[in-house]
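Undergrad: below are the sequence and a predicted model for it; my questions follow.
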Amino acid sequence: MLTVGTSVVALSAVTAGPALAHYCYKDGWNEKAHAGASKSQAWFGPEVWYGILEEVVAEGFICQDGADVIAATLAANGDDALYMGPGLLAGGAVRQGKQLPSGISHLPIGEAFAACGTVDDHH
């Protein structure tokens with residue numbers, strides 16, 4: 001499982017790279033699939049993202065308004081959505097031209113940077 005510290009490192013490491021656009025999440029899990037995925041190292045819950053947002057705002061990687069855009073998505077998704085680390089899906093299905101699995105969406109990273117008055121040109 002990713003910790004907040006390693007997640008912040010992952011987020012900050014890709015702020016200048018193309019993987020930033022690929023913070024994806026999946027909701028609508030069936031109970032068995034959610035139980036399995038939530039124990040994996042690839043997927044993590046919203047509580048990790050809330051910690052990431054606190055730290056990246058404190059470190060100046062994104063402004064509070066931008067963090068609020070992402071936090072609103074986390075809140076709307078509820079506790080059963082699971083989030084994938086940066087670029088993992090992009091490094092697999094997307095890069096290979098495969099169809100994304102159903103229920104996959106992306107966090108609004110571009111909108112978050114736009115709320116800060118900056119441009120995320122990585123997606």
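TA: Happy to help now that I have it. Numbers count the residues shown, from 1 in each chain.
Undergrad: which other helices and strands contact the host helix or strand of residue 112?
TA: If you go by DSSP states H and E, residue 112 is part of helix 109-115. On a contact count with 3 or more CB pairs under 8 Å, 6 or more residues apart in numbering; DSSP states H and E, helix 109-115 meets helix 64-77. Every C-beta, even on glycine, is put in place using the N, C-alpha and C of the backbone.
Undergrad: just checking, next helix/strand downstream of the helix it packs on?
TA: Tracing the chain past helix 64-77, the next element assigned as helix or strand by DSSP H and E is strand 82-84.
Undergrad: before we move on, the earlier item: what's the mean pLDDT across the helix holding residue 112?
TA: The average of the pLDDT scores along helix 109-115 is 92.
Undergrad: may I see the buried residues of that helix?
TA: Buried positions in helix 109-115, judged by neighbour count with 16 or more other CB atoms under 10 Å: 109-110, 112-113, 115.
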